[in-house]
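> Please find the sequence and the predicted model below.
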Amino acid sequence: MLIGIFFVVIAVILFFLNKSFLDEGAMTVVLWAFGITCAICFIIFNITGVQYTTVQNGKHVGQITAIEDSGIIWKTTTVYVKSDISSSQEDKYCLIDKSLLQKLNLFARNSTKVSLYYDSWLINGWQNCGDEAAIITEVNSIADENAGRHIEDGVTA
């Protein structure tokens, strides 16, 4: 989004400079080249994302209500979390690290209250669950965190 706004501002500036520096034919070539470059950048950034971390080690405490695999071209995993199970608000998170999938499934099946840690990127990109709030980096049960244990490889709940 920010990159698109940047490109629009540059296009407006070039439009007003049209009469000042370049003749009409050269300006047409510059504007076409700029437009094609903007379109290519837009497509690339929306597919791959911009992995500039805007939130690091965010934490959401709640229950995992669903885990969903979707996507036609890029298969992605979305995890749904509610802070309070009676609430109607449900947050979505992207799961890229598939090694956490077994723990997440167990916690969801047992309705275990969890601490979910996440990072947010500037643009997630279509191949990284484009519209989710953030990307899961770690998940632990509240009981284990209160006991001072972080489960890394073994799965217990």
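That came through fine.

> how about the strands of the chain, start to end?
Under the criterion DSSP state E, the chain contains strands at 50-70, 76-82, 91-95, 113-123, 134-141.

> counting contacts, what elements does the second one pack onto?
So that's strand 76-82. strand 50-70, strand 91-95, strand 113-123 (3 or more CB pairs under 8 Å, 6 or more residues apart in numbering; DSSP states H and E). All C-beta spots, glycine's among them, are computed from the backbone N, C-alpha and C.

> winner for burial among those?
Highest mean neighbour count among those (mean count of other CB atoms under 10 Å): strand 91-95, with a mean of 20.

> Mind picking out the helix or strand in the chain with the poorest mean pLDDT?
Lowest on mean pLDDT, DSSP states H and E among the helices and strands of the chain sits helix 18-21, with a mean of 57.

> where in this structure is pLDDT low?
Low-confidence segments of the chain, defined by pLDDT under 70: 1-24, 27, 45-56, 121-128, 130-133, 148-157.

> Which parts of it belong to which domain?
The chain breaks down into these domains under automatic domain parsing: 2-48, 50-146.

> quick one: the longest helix seen in the chain to strand 113-123, angle?
Looking across the chain with DSSP state H, the single longest helix is helix 24-48. Relative orientation of helix 24-48 and strand 113-123, computed by axes from the mean of the first three to the mean of the last three CA atoms, to 10 degrees: 170 degrees.

> helices and strands around helix 24-48, which ones?
Where contact means 3+ CB pairs under 8 Å, 6+ apart, helix 24-48 is packed against helix 2-16.

> Dump the strands of the chain to CSV, plus distance to residue 35.
Formatted as CSV, these follow (distance: least, CB to CB, whole Å):
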stretch, distance to residue 35
strand 50-70, 21
strand 76-82, 31
strand 91-95, 31
strand 113-123, 20
strand 134-141, 32
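
> about what we covered before: now tabulate the helices and strands packed on strand 76-82 in CSV and tack on distance to residue 84.
Below are the helices and strands packed on strand 76-82 laid out as CSV (distance: least, CB to CB, whole Å):
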stretch, distance to residue 84
strand 50-70, 7
strand 91-95, 12
strand 113-123, 10
